[in-house]
Each structure stands twice: as structure tokens, then as C-alpha cells.
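Chemist: What follows is a predicted structure for the sequence shown.
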Amino acid sequence: PGTFFLSISTIMNVNQVDQGVLSVFAELLNDIHDIFIVFDQDWDIIYANKKACQYFNDNQALAGKNLMREFPVYKNSLLIQQMAEVVSTGKPSEFEFLSPFSKRWMYFRVYPSANMLAVYSTDINLRKEAQRAIQQNQERYFNFIAQSTEGIWRCELEEPIAIDLPVKQQVDLVFENGYMAECNDAMARMYGFSNAYDIMGMRLE
């Protein structure tokens, strides 16, 4: 991220950069698989790469168009407010946001300059959906454990136990090194406790 922002900072100071370098940089940006757009202070688009045009379903160049007029869904959106805050502070920022245009989760890197704002964005919707699925599975798991009328528990060992040891020695080591890592309330009540938190962490001996 630091290298990216430094590069954008250098290129956005166009008066200090050779036009040949600018041309090469623009060509590279046009070939990347992520969205890159540069706005002026009125949200007029100064530059947009090929991926940005595809994202907005615009077969023609977006440069010269105004974001708010062309895509009014962005007006007063939380995303624009976040970007405006970056302009206000003058500090680069990175954040995830649900796009008001595509309704997909996007990851943004935003870099402000004196009169411009560079925005680099990539689609992370699949990752967010995977995270949500994992969270839902975890919630179902914990709800199942908590609501079960059967005693359910899981122990952990402070030290690993070699599986080639005699069975009796392995059992002894389990009780010596094991502790209650997780259980439900039903398990706790079986041993005279009121809830799971009363016995979690206790030794098995």
C-alpha cells in the first residue's frame, strides 16, 4: 500500500513528471484487473481505466463525465462521505465498503492530492460471502451445542501425547495435562455447576 500511494502521489504531481512516464503509467493502469479512477474536486472524472469502464457498463471513456450526474446513486452515499473525509484530512485511506452502484463489497485505496482524488478499488464480494458463511456456520455450531440437552464437552492438552505410548499411559497423560476447553450448560449441570463458564478451564483430574 505504501509503495502504491507513493507512486500515485508522484504521478498526480503531473508538472514534475515526464510525459513519457505518464504515458507508460497510464498504459499499465489500463491493463490491470482492478478499478482505477481519478476525480477532481467536483467529482468530474479525469481518468478511468478499462476496468472502471467495464464496471460502469460504459463502452466509451468515462473521462470528462461527472460521477454524481452519471450515477446519481452515489449522491449522499456513505461511500462518498468516506471519500470526502479523506479529502478533508488529506491523508490516504484504505477501507471496505458495500458499493451503492453494484451492491457488491469492494476494497478501496484512496489517495488525495491538492485538487484530485485517486481511487483504486477491487471486488472482494466472494471473500465477504465466504466470511459470512463461516460466521453463520460457527453460530449454528454454538447454538446447537448450547441448546442440546446432552452433555457436550471438548478438552485440550497442555502438551502433545505420543500415540505410540501404551494406552494406559496415554489415558493418564490426558488426565494429567488435559483441561476443559469447551462445554455446554447441560454438561456443567451434570457435575453440579450452574453453567458452562463455571467449569471451562478446569483440570480433568
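Modeler: Thanks, I have the structure now. The model shown is predicted, which means the values in this text are computed figures rather than measured ones.

Chemist: where do the helices sit along the chain?
Modeler: Ranges of helices within the chain are 2-12, 19-31, 50-55, 67-70, 78-89, 125-147, 167-177, 185-190, based on DSSP state H.

Chemist: Could you identify which of these has the lowest mean pLDDT?
Modeler: Lowest mean pLDDT within the helices of the chain: helix 2-12, at a mean of 46.

Chemist: Now do the contacts for the residue nearest the centre of the chain.
Modeler: A centroid search over the chain (Cα atoms, centre = their mean) returns E96, at 6.1 Å, as the residue closest to the centre. Counting by Cβ atoms under 8 Å, 6 or more residues apart in numbering, E96 touches W105, M106, Y107, F108, I124, K128. For the C-beta atoms, the positions are set from N, CA and C on the backbone; glycine is no exception.

Chemist: Most neighbours of all the residues you listed, which one?
Modeler: M106 (22 neighbours; other Cβ atoms under 10 Å).

Chemist: Pull the contacting residues for it.
Modeler: Counted by Cβ under 8 Å, 6+ apart, M106 has contacts I35, E96, F97, L98, S99, S121, T122, D123, I124, N125.

Chemist: So which of those is the closest to R203?
Modeler: Looking at the contacts of M106 and their distance to R203, the nearest is E96, at 42.7 Å (Cβ to Cβ).

Chemist: partner residues bridging that closest one?
Modeler: Y107 (DSSP bridges).

Chemist: From R154, how far off is it?
Modeler: Distance of E96 to R154, given as Cβ to Cβ, to the nearest Å: 33 Å.

Chemist: same thing with I134?
Modeler: Taken as Cβ to Cβ, the span from I134 to R154 is 19 Å.

Chemist: if we can go back for a sec, just the buried residues of the contacts of M106.
Modeler: I35, F97, S99, S121, D123, I124 (16 or more other Cβ atoms under 10 Å).

Chemist: and which of the residues you listed is nearest to K65?
Modeler: The closest of the buried ones among the contacts of M106, once distances to K65 are taken by Cβ to Cβ, is I35, at 14.9 Å.

Chemist: so that closest one makes contact with Y120?
Modeler: Yes: with contacts counted by Cβ atoms under 8 Å, I35 reaches Y120, the gap being 7.1 Å.

Chemist: Next one: N30 from D44, what distance?
Modeler: Remark: distance between N30 and D44 (Cβ to Cβ) = 19 Å.

Chemist: just I80 next, same as before
Modeler: Taking Cβ to Cβ as the measure, I80 falls 14 Å from D44.

Chemist: now S99
Modeler: From S99 across to D44, the span is 20 Å (Cβ to Cβ).

Chemist: what sits against the residue nearest to G90 when sequence neighbours are not counted?
Modeler: Using Cβ to Cβ, 6 or more residues apart in numbering and skipping the chain neighbours, the partner closest in space to G90 is P112 (5.6 Å). Shown in contact with P112 (Cβ under 8 Å, 6+ apart): V86, V87, T89, G90, K91, P92, A118.

Chemist: which residues pair with P112 across the strands?
Modeler: The partner list for P112 in beta bridges (DSSP bridges) reads L117.

Chemist: what do you get for A48?
Modeler: Applying DSSP bridges, one finds that A48 bridges with I37.

Chemist: Thought L62 was touching it, still the case?
Modeler: Yes: counting by Cβ under 8 Å, L62 is a contact partner of A48 at 3.8 Å.

Chemist: Done for today, thanks.
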